[in-house]
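Colleague: fold the stuff below for me.
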Amino acid sequence: LSMVRHQPEGLDQLQAQTQFTRKELQSLYRGFKNECPSGLVDEETFKTIYSQFFPQGDATRYAHFLFNAFDIDRNGSIRFVDFVLGLSVLLRGSVTEKLRWAFNLYDINKDGYITKEEMLEIMTSIYDMMGRYTLPSVRDDSPFEHVEKFFQKMDRNRDGVVTIDEFIETCQKDENIMASMQLFENVI
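Modeller: As a prediction, this is how the structure comes out:
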């Protein structure tokens with residue numbers, strides 16, 4: 001049996017656009033094609049794969065938001081290129097790049113602002129995903145409390161929304177926010 005070699009198209013271009021080596025890209029591509037032979041991941045497949053990492057909770061809502069953050073061209077599927085560009089930012093990007101990516105995740109309707117409702121949807125989905133048996137234990141009002149604290153710090157001009165500039169500036173200046181963002185790094 002000859003070994004099947006999976007190689008992404010435009011490997012040189014991907015290497016230039018990401019923080020991955022050629023070998024890493026080839027390895028990521030093999031894994032991607034193994035899970036998704038068509039080369040595309042739809043949302044249901046993404047949810048199924050992602051949920052396996054969080055058997056103690058319900059990851060479907062958070063996986064939906066995460067899928068939308070990776071689906072750069074918003075066509076309902078993630079190509080290998082979309083996946084690798086996002087993964088490169090999350091794993092090896094600068095703090096500002098990671099914060100921009102996180103802002104995009106929280107900005108559910110992609111209007112350039114994070115509202116309390118959007119933040120509450122994301123936080124609730126994270127609490128659902130982590131499960132009821134997470135330590136320290138998660139109370140039902142915790143997502144709401146988290147959002148209120150977030151907005152007190154972030155919404156500097158008190159207009160009810162957080163802009164990307166407010167988000168990045170506040171995160172970079174606040175040790176607690178940077179530490180709490182790192183708590184969720186393994187979630188992604």
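Colleague: pop the domain breakdown of this structure in here.
Modeller: What the TED database lists as the domains of the chain is 20-91, 94-186.
Colleague: can you flag the weakest of these by average pLDDT?
Modeller: Here those differ in mean pLDDT, and the lowest is domain 94-186 at a mean of 85.
Colleague: can you map out the strands along this protein?
Modeller: 40-42, 77-79, 113-115, 161-163 (DSSP state E).
Colleague: out of those strands, the one nearest R92 is which?
Modeller: strand 77-79 (18.9 Å; Cβ to Cβ). Using the backbone N, CA and C atoms, a C-beta is placed for each residue, glycine as well.
Colleague: ok so, going back, make TSV out of the strands of the chain and add mean neighbour count.
Modeller: Formatted as TSV, the strands of the chain follow (neighbours: other Cβ atoms under 10 Å):
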stretch	mean neighbour count
strand 40-42	18
strand 77-79	21
strand 113-115	22
strand 161-163	20
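Colleague: how about these in CSV, adding distance to A16?
Modeller: What follows is the strands of the chain, written out as CSV (distance: least, Cβ to Cβ, whole Å):
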stretch, distance to A16
strand 40-42, 23
strand 77-79, 17
strand 113-115, 31
strand 161-163, 31
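Colleague: who's in contact with Q17?
Modeller: For Q17, the residues meeting the contact criterion (Cβ atoms under 8 Å, 6 or more residues apart in numbering) are 85, 88.
Colleague: how about K149?
Modeller: No contacts exist for K149 under Cβ under 8 Å, 6+ apart.
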